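**Student:** make a model of this:
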Amino acid sequence: MNQALFILPEIVLTVGGIAVMLADAMMPKAASRKSLGWLAVLFALAALAASLWQYRLTPGTAYFGVVQVDAFSVFFHVIIAGIVLAALLITLDAVSDSTEALGELYALILFGAIGMMLMSSAVELLLVFVALEISSISTYIMAGFRRRTGKSPESALKYFLLGSFATSFFLYGIALVFGATGTTRIDAIAAAIGGAHDPALLYAGIAMIVIGLGFKVSAAPFHVWTPDVYEGAPSPVVALMSTGPKVAAFAVLLRIAYGAFPLLHAHWVPILWWLAVISMTVGNLGALRQRNVKRLLAYSSIAHAGYLLVAFTALSQEGIAAASFYAVAYAAMNVGIFAVVSHAGGYDDRLTLIDDYRGLAWRSPLLGGAMGFFLISLIGIPFTGGFFGKFYVFAAAIHSGMIGLAIIGLINSGIAAFYYLRVATAVFSRPAEASPVMAVPQASMPLLLALFLTVAATLILGIAPGGILSGARAAAATLPALSGPAAVAPASEAAQR
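**Tutor:** From the prediction side, this is the model:
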């Protein structure tokens, strides 16, 4: 029973998913499934409460040392539970009683969250792989949920094929690391590195693990699936897909990089350095050419993956805390903007182009104001979570000697402002009298709750970030820091080479 407390949020979500499926099967075919959505919301709230309660547990491991509860895992549990809660509310707003297989959709969201949470608490690479697959299979199915359209099944197929290919890299990387160290436990890998039988196997394993996780966080050049999948998947699903799995994958990458390979930072920091640069540049330059809002936000997510990777190169607890804080800020503003896109365009994506959002603030001041707020947060304007997220990330990079990387990040932030402001200009422009005006549905209670959560989180992170930053620093303290001239100098020189 004591061990079960270490996976209490996952147990709650498992019970919730099963309850939703059983209730769906027992309901008459013609009955509304909205009640199942509210049932899923209750279980998401219970998982959030269970995650917060885990702060009271004494840090330790369970189930033969493969699951660990500490400030780091609980911090990411809370983020993921919040994302799932908001995504369920967005789904409740977007779907109608005629939407097919609603009970399955709610259950898949809960089941996917189980994998995301396990990823953040797993300290054994094989369990990380299993959790990754639990999350991935759910999102593969949800991406193709609008099966009567052409784009949705296409996006699901692309996501599945490329995702399976990336997963094979991750699994083979685990095999190579095991061959070099004789273990797949993260702490045991760190202890065995000094006596590794074949360092070349170890380096190849690290590279393959980075490739597998790079796909999950949509970092360039492993990003090719992102625009097509974001465009084809239902907007409520994209709200979850663009944040939850990405946050979980970044948690895994932090734990592996700092927990398993701290002595090999001179080898993996240059890899992440270049991934950050390429992701920021490809994401922002790709977004400049987009006219479709969801594809623009897809390229934006690639760029934000690059910003977050900047913090990984800091090799200090300051960098870990900055990455953790940025994950919260990114999740809040990205889920929020997709809540607006989902409600304005509907489950069937009636509004797809930037021009379709022209005059949105005049047609619906609530949606227009919320979208403008999230856009300025994505830019990084002060008094928003996006500002402090970028500030902490670039400050950590500068303090670790990665001044060039911080400058590249700032230049990319300037480029990003152009396309975000282009969308904001369309939103706040007065619609032309001759152009047809598409009516915006009235805001429902689930949408108002989702917007309240995301706007409040983004605003609090921009005005009073101290509480979340303290939680991020406590999470960072559980991982070994590599700060100091002895650690930073070799990595910086390797990155410059």
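**Student:** I'd guessed Ala188 sits against Val177; true?
**Tutor:** No: contact criterion Cβ atoms under 8 Å: Ala188 and Val177 do not qualify, at 10.7 Å. Bear in mind the C-beta positions are built from the backbone N, C-alpha and C, glycine included.
**Student:** give me the more crowded residue out of those two.
**Tutor:** Val177 (27 against 16; other Cβ atoms under 10 Å).
**Student:** how much space between the more buried one and Ile460?
**Tutor:** 40 Å (Cβ to Cβ, to the nearest Å).
**Student:** how deep is Gly467 tucked in, by neighbour count?
**Tutor:** Counted with other Cβ under 10 Å, Gly467 comes out at 10.
**Student:** oops, could you answer that again for Ser155 instead?
**Tutor:** Ser155: 26 neighbours (other Cβ under 10 Å).
**Student:** could you give me the average pLDDT of stretch 143-152?
**Tutor:** Regarding stretch 143-152, the rounded mean pLDDT is 82.
**Student:** could you tell me the end-to-end distance of that stretch?
**Tutor:** End-to-end distance of stretch 143-152 (Cα to Cα, to the nearest Å): 6 Å.
**Student:** give me the contact list for that stretch.
**Tutor:** The contact list for stretch 143-152 (Cβ atoms under 8 Å, 6 or more residues apart in numbering) reads 100-101, 105, 153, 155-157, 159, 229, 231-234, 237, 241, 347-348.
**Student:** of these, buried ones?
**Tutor:** Buried by 16 or more other Cβ atoms under 10 Å: 105, 153, 155-157, 159, 229, 231-234, 237, 241, 347, out of these.
**Student:** just the residues you listed: which has the poorest pLDDT?
**Tutor:** Lowest pLDDT among the buried ones among the contacts of stretch 143-152: Tyr347, 80.
**Student:** gap between Leu127 and Ser120?
**Tutor:** 11 Å.
**Student:** ok, Phe43 next?
**Tutor:** 19 Å.
**Student:** more neighbours, those two?
**Tutor:** Set Phe43 next to Ser120 and count neighbours by other Cβ under 10 Å: Ser120 wins out with 27 against 23.
**Student:** my guess is the more buried one contacts Phe76. True?
**Tutor:** Yes: using Cβ under 8 Å, Ser120 is in contact with Phe76, at 3.7 Å.
**Student:** shared neighbours of these two, which are they?
**Tutor:** Ala248, Ala251.
**Student:** ok now the strand or helix carrying Ala370, how far from the chain's centre?
**Tutor:** Taking DSSP states H and E as the definition, Ala370 sits inside helix 365-379. Offset of helix 365-379 from its chain centre (Cα atoms, centre = their mean, to the nearest Å): 20 Å.
**Student:** now it: buried residues?
**Tutor:** Buried-residue list, helix 365-379, by 16+ other Cβ under 10 Å: 366-379.
**Student:** ok so, going back, which of the buried ones among the contacts of stretch 143-152 sits closest to Gln54?
**Tutor:** Set against Gln54, the nearest of the buried ones among the contacts of stretch 143-152 by Cβ to Cβ is Met241 (25.4 Å).
**Student:** quick one: contacts for the closest one?
**Tutor:** Thr139, Met142, Ala143, Val229, Tyr230, Ala233.
**Student:** for the stretch 1-150 of the chain, which spans come out with low pLDDT?
**Tutor:** Within the stretch 1-150 of the chain, the stretches with pLDDT under 70 are 1.
**Student:** quick one, helices of it?
**Tutor:** Using DSSP state H, counting those that start in this stretch, the helices of the stretch 1-150 of the chain run over 8-26, 34-53, 71-94, 102-121, 125-143.
**Student:** nearest to Asp355, of those helices?
**Tutor:** helix 71-94 (21.7 Å).
**Student:** kindly export that closest one (C-alpha atoms) in CSV.
**Tutor:** Below are the C-alpha coordinates for helix 71-94, written out as CSV (Å, rounded to 0.1, in the frame of the first residue of the first chain):
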residue,chain,number,x,y,z
ALA,A,71,10.3,17.3,-5.9
PHE,A,72,11.2,16.9,-9.6
SER,A,73,8.7,14.2,-10.4
VAL,A,74,5.9,15.8,-8.4
PHE,A,75,6.5,19.2,-10.1
PHE,A,76,6.0,17.7,-13.5
HIS,A,77,3.1,15.6,-12.3
VAL,A,78,1.3,18.8,-11.3
ILE,A,79,2.0,20.4,-14.7
ILE,A,80,0.7,17.4,-16.6
ALA,A,81,-2.4,17.1,-14.5
GLY,A,82,-3.1,20.8,-15.1
ILE,A,83,-2.7,20.4,-18.9
VAL,A,84,-5.0,17.3,-18.9
LEU,A,85,-7.6,19.2,-16.9
ALA,A,86,-7.6,22.2,-19.3
ALA,A,87,-7.5,19.9,-22.4
LEU,A,88,-10.7,18.1,-21.1
LEU,A,89,-12.5,21.4,-20.6
ILE,A,90,-11.5,22.5,-24.2
THR,A,91,-12.8,19.2,-25.5
LEU,A,92,-16.1,19.5,-23.7
ASP,A,93,-16.5,23.0,-25.3
ALA,A,94,-15.6,21.9,-28.8
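**Student:** give the other helices and strands that it contacts.
**Tutor:** In terms of contacts (3 or more Cβ pairs under 8 Å, 6 or more residues apart in numbering; DSSP states H and E), helix 71-94 is packed against helix 34-53, helix 102-121, helix 235-241, helix 244-255, helix 317-345, helix 445-463, helix 466-476.
**Student:** for Met208, which of these is the nearest?
**Tutor:** Between the helices and strands packed on helix 71-94, helix 244-255 lies closest to Met208; by Cβ to Cβ that is 13.2 Å.
**Student:** what's the following helix or strand past the closest one packed up against?
**Tutor:** Where DSSP H and E defines the elements, the next helix or strand beyond helix 244-255 is helix 265-288. Contacts defined by 3+ Cβ pairs under 8 Å, 6+ apart place helix 265-288 against helix 199-216, helix 293-312, helix 403-428, helix 485-496.
**Student:** now the second one, how far from the centre of its chain.
**Tutor:** In this case it means helix 293-312. 10 Å.
**Student:** tell me what that helix is packed against?
**Tutor:** helix 226-232, helix 235-241, helix 244-255, helix 265-288, helix 317-345, helix 385-399, helix 403-428.
**Student:** in a markdown table, list those along with distance to Ile193.
**Tutor:** Formatted as a markdown table, the helices and strands packed on helix 293-312 follow (distance: least, Cβ to Cβ, whole Å):
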| stretch | distance to Ile193 |
| --- | --- |
| helix 226-232 | 33 |
| helix 235-241 | 34 |
| helix 244-255 | 16 |
| helix 265-288 | 11 |
| helix 317-345 | 20 |
| helix 385-399 | 25 |
| helix 403-428 | 26 |
